[in-house]
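> sequence plus predicted model, see below.
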Amino acid sequence: MSDDDVRDAEEALWAVRQVEVADELTLDVAEQGDPDGRALLLLHGFPQTHRCFDALARRLLPHGLRLLAPDQRGYSPGARPAEVAAYGISELTHDALAVLDAYGIESVDVVGHDWGAVVAWNLAARHPNRVRTLTAVSVPHPKAMDAALADEHGEQRERSAYIRLFRMPGKAEEVLLEDGAHRLRSIYSPLSESAVEPHFRVLSDPAALTGALSWYRAMKVQDSATLPDVTVPTTFVWSSGDPAIGRTAAEGCDRYVTGPYRFVELAGISHWIPDQAPDELAAAVLDRLNLSEGSDRPE
């Protein structure tokens, strides 16, 4: 079977429906699994779509789970408002809640990668009654990121320097899309062309790319400054080969989780954990779903 055939087969496994999350804004929500199973909300990051969870889904489905994976605001064609303020973290968190409400789900297990992890942290911290467990991937609690960035002599400032470009309207789109979108493609390194194609197909559309970059442009310091500690059972999965998130931020995450907590470090894996380490990520997720409260503070 060719890579194209595999990719098409993976896409066909997801059933997609449209969910209204705000006035005139509709998200595409992909679903797999048992409609009566325990619900798991999968939140993608930049610059990916729900398809980043293809490999993880294959490993979770045998456990009777119901997987819901929205293409988030800016990525779904029906949810690309023009105003940057519409991509603030409160609006993004509201979208996640609206998806749960549309499916009649009172409480959900959440997995978030990259920006999806930021939404997941906010969902768990501000709406703990709606979150059973949290598995955050790559990006730690926002206050841990802030603390690492505050260190003038630390590595995180250099690792996060790319954000300055992403926050420049027009300029970022020009840089990422010029020369056949060479720089946009380079962001996905070291993923294969087959793994990249479903995301590139969406993000090479200038309207989608602007929507996705608006997440960076809407960031405000007070968003994380006012974020509570997380009380729900939480696992944070980080990879030592991640060029964007350093060890200081990763290891500082536990200070902002008061519930049961586990830190999983994957050696040598890049930022794209769901693609590159689906077995390890699935094990961490399934472990979290079965943990008893209070059993796993780090040693």
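That came through, no problem. Residues are numbered from 1 along each chain as shown.

> residue 191 should be in a strand, yeah?
No. Using DSSP: H, G, I helix; E, B strand; the rest coil, the assignment for residue 191 is coil, not a strand.

> would you mark the buried spots in stretch 226-244?
Of all the residues in stretch 226-244, those buried under the rule 16 or more other CB atoms under 10 Å are 227, 230, 232-239, 242. Bear in mind the C-beta positions are built from the backbone N, C-alpha and C, glycine included.

> do the same with stretch 32-51
32-33, 38-51.

> pLDDT weak spots in the protein?
Across the chain, the ranges flagged by pLDDT under 70 are 1-5, 291-299.

> and residue 230, what does it touch?
Residues in contact with residue 230 (CB atoms under 8 Å, 6 or more residues apart in numbering) are 121, 124-125, 128, 134, 141, 256-259.

> could you redo the last one with a cut-off of 6 Å?
The contact partners of residue 230, taken as CB atoms under 6 Å, 6 or more residues apart in numbering, are 124-125, 257.

> phi, psi of residue 238?
With angles defined as degrees, to the nearest 10, residue 238 sits at phi -130, psi 150.

> from residue 167, how far out is it?
Noted for residue 238: a distance of 24 Å to residue 167, by CB to CB, to the nearest Å.

> repeat for residue 276
28 Å.

> neighbour count winner among these two?
residue 276 (19 against 16; other CB atoms under 10 Å).

> for residue 117, see how far away that one is.
Using CB to CB, one gets 16 Å for the distance from residue 276 to residue 117.

> what's the answer for residue 22, then?
In terms of CB to CB, residue 22 sits 22 Å off from residue 117.

> those two: who's more crowded?
Set residue 22 next to residue 117 and count neighbours by other CB under 10 Å: residue 117 wins out with 27 against 15.

> point out the other helices and strands that the strand or helix carrying that one packs with.
Per DSSP states H and E: residue 117 is located in helix 115-126. In terms of contacts (3 or more CB pairs under 6 Å, 6 or more residues apart in numbering; DSSP states H and E), helix 115-126 is packed against strand 38-43, helix 89-102, strand 108-113, strand 131-137.

> can you list contacts of that helix?
Contacts of helix 115-126 (CB under 6 Å, 6+ apart): 43-46, 89, 92-93, 96, 110, 112, 131, 134, 136-137, 139, 141, 215, 227-228, 230, 232.

> can you check stretch 170-177 too?
Contacts for stretch 170-177 (CB under 6 Å, 6+ apart): 165-166, 183-184, 206, 209-210, 213.

> one more time with 8 Å, if that's ok
By CB under 8 Å, 6+ apart, stretch 170-177 touches 165-166, 183-184, 187, 204, 206, 209-210, 213.

> can you give me the neighbour number for residue 178?
A count of nearby residues for residue 178, using other CB under 10 Å, gives 11.

> you'd agree it is in a helix?
Yes. Checked against three-state DSSP, residue 178 lies within a helix.

> returning to what we had before: now, of the contacts of residue 230, which are buried?
For those, a burial check counting by 16+ other CB under 10 Å picks out 124-125, 257.

> which ones are touching residue 137?
Contacts of residue 137 (CB under 8 Å, 6+ apart): 111-114, 116-117, 236-237, 273-274, 281.

> good, we can wrap up now.
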